[in-house]
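Student: Have a look; sequence and predicted model below, questions after that.
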Amino acid sequence: MEREKFGSRLGFILVSAGCAIGLGNVWKFPYLCGANGGAAFILIYLAFLLLIGIPVMICEFSVGRASKKSVAACFDQLEPSGTFWHTHKIIGIVGCYMLLMFYTSVAGWLIQYTIKGFSGAFTGITAESSGAMFGAMVTSLPGLLIGCLVVCAVSVLVCILGFQKGVEKVSKFMMSALLAIMIVLAVRSVFLPGALEGVKFYLIPDFSKIAEVGLGNVLYAAMSQAFFTLSIGIGAMVIFGSYLNRERSLAGEAVNITLLDTFVALTSGFIIIPACFAYGIEPGAGSSLVFVTLPNIFAQMAGGRLIGGFFFLFLTFAAMTTVIAVVENLVAINVDLFGWERKKSVIVVGILLFVLSLPCIFGFTIWSGVQPLGEGTGIMDLEDFIVSNNLLPLGSLGYILFCTCRKGWGWDHFITEANDGKGLKLPAVLRGYMQFVIPVMIIVIYLKGYYDWFHTYHPMESLAVWMGIAVVLLAFILYCVFAQKKKNV
């Protein structure tokens, strides 16, 4: 079966950006910025986007375009004969499913809050009643099931239409609407009375804030946010590379997608942070900022009913573009692995997606007593931990090593593919940086993530636990770098 192509370059940029742009941009970024020094944090974040995010994205696009396959078959197509790189597909397949296992639930929340916003449910709300509203929503089993079912159904309907007529067309509409809504909301926010202090906090670096929070904490927060916001590591970008023609070089396209992703993240900060300052709300309030704190702001704001509705609609579009993009990846995985027709693959993925989302939903309701990572955690925390702290960094490490090591696809093949076409070229002098420096940075993210989780939920007094983590990481690195030839039988 002939592989589909993007209908236009704009479609490729918007669909790929839609996959990258998600809740990490518009939910997590503003409160991380607020908690870590505002503009000073943004400068460090932008540096890590350039240092890590773009190179890893180029690797994924290159592997996809060269192989014309999804993550399920791209390594089989490109690996040296007899090596084991193809087993790396496990990270991509598991990662995509596990990401959607909790992403569908949060997207369902956003649909409910969009309806609440436009219906006037935020009118007259207080801090206490706002918290109670969110608590009631996430503990209502029927509501959570319906929300998740709607998200899965929409994704299936879009993907079943085909890639160009479904995924590309719908993602272009959602991304265009998202950007338009964001600009209107940002302009409204920065002109609120008292918002100027928030704009100053957001735009004027104050490095003394970093000293207050701690340089190590700020560096890690910026590095991990830059790393995870681009959806790299689980093959989500490989599939779009496989649909891409050779008219443009991949470095230029990766830069364009990163710029669009960054624009959304920065603009979401312009929506939220000035509004927080205008109404005396702490901008570093954490993940509750969106669902608990912001409805209070909309309740006090002139025209807040309309603005609140559009704000959550914009968040819904951001979440849905990611869900649709990852579902498309899973559909292509089934086609590559089993040779299924597209319609059959979409239906199977849709059913699996809903079933696999149930543990996360039950974690807020009938399984609320399950605390897999310690007191105060839930099943969603475990799923997010597996994806964000393990599969994404280890998957990205695998792509970097596969593209730069001589026992993998190799630098020569990679740089030729990346630079094929018109546009920005990847300098060959970056080989040493990509082969050695980026892996070290990814390892730092990986270990710091483990430290944060276990320090918070399981104070680590035993050296044996750290030794176990180090052994797993070392084994993975050795596997990637020194993938041995299989013995002929």
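Tutor: That came in fine, so what should we check first? Numbers count the residues shown, from 1 in each chain.
Student: Now do the contacts for Ala318.
Tutor: Contacts for Ala318 (CB atoms under 8 Å, 6 or more residues apart in numbering) come out as Ile21, Gly22, Leu23, Asn25, Val26, Leu178, Val264. Bear in mind the C-beta positions are built from the backbone N, C-alpha and C, glycine included.
Student: Would you quantify the distance from it to Gly18?
Tutor: According to CB to CB, to the nearest Å, Ala318 stands 8 Å off from Gly18.
Student: do Thr262 as well
Tutor: Applying CB to CB, the value for Thr262 to Gly18 is 14 Å.
Student: next one: Tyr31
Tutor: For Tyr31, the distance to Gly18 equals 22 Å [CB to CB].
Student: can you give me the helices for the stretch 201-350 of the chain?
Tutor: Here the stretch 201-350 of the chain has its helices, by DSSP state H, counting those that start in this stretch, at 208-213, 215-228, 238-242, 250-278, 288, 294-300, 304-338, 342-364.
Student: More neighbours: which of Thr262 and Gly18?
Tutor: Using other CB atoms under 10 Å as the criterion, Thr262 and Gly18 rank with Gly18 on top: 31 against 22.
Student: In contact with that one, which residues?
Tutor: Gly18 makes contact with Ser171, Met174, Met175, Thr321, Thr322, Ile324, Ala325, according to CB under 8 Å, 6+ apart.
Student: next one: Val106
Tutor: Val106 touches Leu23, Ala319, counting by CB under 8 Å, 6+ apart.
Student: Quick one: mean pLDDT for whatever helix or strand it lives in?
Tutor: Assigned by DSSP states H and E, Val106 falls within helix 89-119. When pLDDT is averaged over helix 89-119, the result is 92.
Student: after that helix, next one along is what?
Tutor: Per DSSP H and E, the first helix or strand lying C-terminal to helix 89-119 is helix 127-138.
Student: which other helices and strands contact whatever helix or strand comes next after that next one?
Tutor: With elements assigned by DSSP H and E, the helix or strand that comes after helix 127-138 is helix 141-160. Packing contacts for helix 141-160, counted by 3 or more CB pairs under 8 Å, 6 or more residues apart in numbering; DSSP states H and E, involve helix 89-119, helix 127-138, helix 304-338, helix 342-364.
Student: Tell me the confidence at the closest residue in space to Asp261 that isn't next to it in sequence?
Tutor: Excluding its sequence neighbours, the residue lying closest to Asp261 (CB to CB, 6 or more residues apart in numbering) is Ala20, at 4.6 Å. We note a pLDDT of 76 for Ala20 in this prediction.
Student: what's the answer for Glu2, then?
Tutor: Reading off the confidence values, Glu2 has pLDDT 58.
Student: Kindly report the same for Val465.
Tutor: Per-residue confidence (pLDDT) for Val465: 52.
Student: So Arg246 sits against Asp420, correct?
Tutor: Yes: using CB atoms under 8 Å as the test, Arg246 is close enough to Asp420 to be in contact (5.4 Å).
Student: How many neighbouring residues does Trp433 have?
Tutor: Quick fix: residue 433 reads Tyr, not Trp. So Tyr433, with other CB under 10 Å, has 13 neighbours.
Student: hang on, the earlier thing: pick the one among the contacts of Gly18 closest to Gly309.
Tutor: Proximity to Gly309 was ranked across the contacts of Gly18 by CB to CB; first place goes to Met174, at 16.4 Å.
Student: for the closest one, helix, strand, or coil?
Tutor: Here Met174 is recorded as helix under DSSP: H, G, I helix; E, B strand; the rest coil.
Student: Run through the residues that contact it.
Tutor: With CB under 8 Å, 6+ apart, Met174 has these contacts: Gly18, Phe317, Met320, Thr321.
Student: Swap in 6 Å and give it another go.
Tutor: Under the criterion of CB atoms under 6 Å, 6 or more residues apart in numbering, the neighbours of Met174 are Phe317, Thr321.
Student: Please report how far it lies from Ser155.
Tutor: 12 Å.
Student: Also Asn334?
Tutor: 14 Å.
Student: Between the two, tell me which one has more neighbours.
Tutor: Remark: of Asn334 and Ser155, Ser155 carries more neighbours, 29 against 21, as counted by other CB under 10 Å.
Student: Could you find the closest non-adjacent residue to the more buried one?
Tutor: Val327 is the one closest to Ser155 (CB to CB, 6+ apart), at 4.5 Å.
Student: burial count for that neighbour?
Tutor: 25.
Student: can you check Ile273 too?
Tutor: A count of neighbours around Ile273, defined by other CB under 10 Å, yields 28.
Student: Begin at 46 from now on, thanks
Tutor: Sure, I'll start numbering at 46, so the last one becomes Ile318.
Student: my read: it touches Leu241, true?
Tutor: No: between Ile318 and Leu241 there is no contact under CB atoms under 6 Å: 11.6 Å.
Student: what's the strand or helix carrying Tyr444 in contact with?
Tutor: Counting by DSSP H and E, the element that carries Tyr444 is helix 437-449. Helix 437-449 is contacted from outside by 101, 104-105, 130, 133, 136, 273, 277-279, 453-454, 456, 459, 479-480, 483-484, 487, 490-491, 521, 525, using CB under 6 Å, 6+ apart.
Student: Can you check what angle separates it from helix 260-273?
Tutor: Using axes from the mean of the first three to the mean of the last three CA atoms, to 10 degrees, the inter-axis angle of helix 437-449 relative to helix 260-273 is 70 degrees.
Student: In helix 437-449, which residues are buried?
Tutor: Neighbour counts using 16 or more other CB atoms under 10 Å place 437-449 of helix 437-449 among the buried residues.
Student: Return the distance of it from the chain's centre.
Tutor: With CA atoms, centre = their mean, to the nearest Å as the basis, helix 437-449 stands 17 Å off its chain's centre.
Student: Can you lay out the contacts of Gly63 as JSON lines showing pLDDT?
Tutor: Below are the contacts of Gly63 laid out as JSON lines (pLDDT from 0 to 100):
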{"residue": "Ser216", "pLDDT": "87"}
{"residue": "Met219", "pLDDT": "88"}
{"residue": "Met220", "pLDDT": "87"}
{"residue": "Thr366", "pLDDT": "90"}
{"residue": "Thr367", "pLDDT": "90"}
{"residue": "Ile369", "pLDDT": "92"}
{"residue": "Ala370", "pLDDT": "90"}
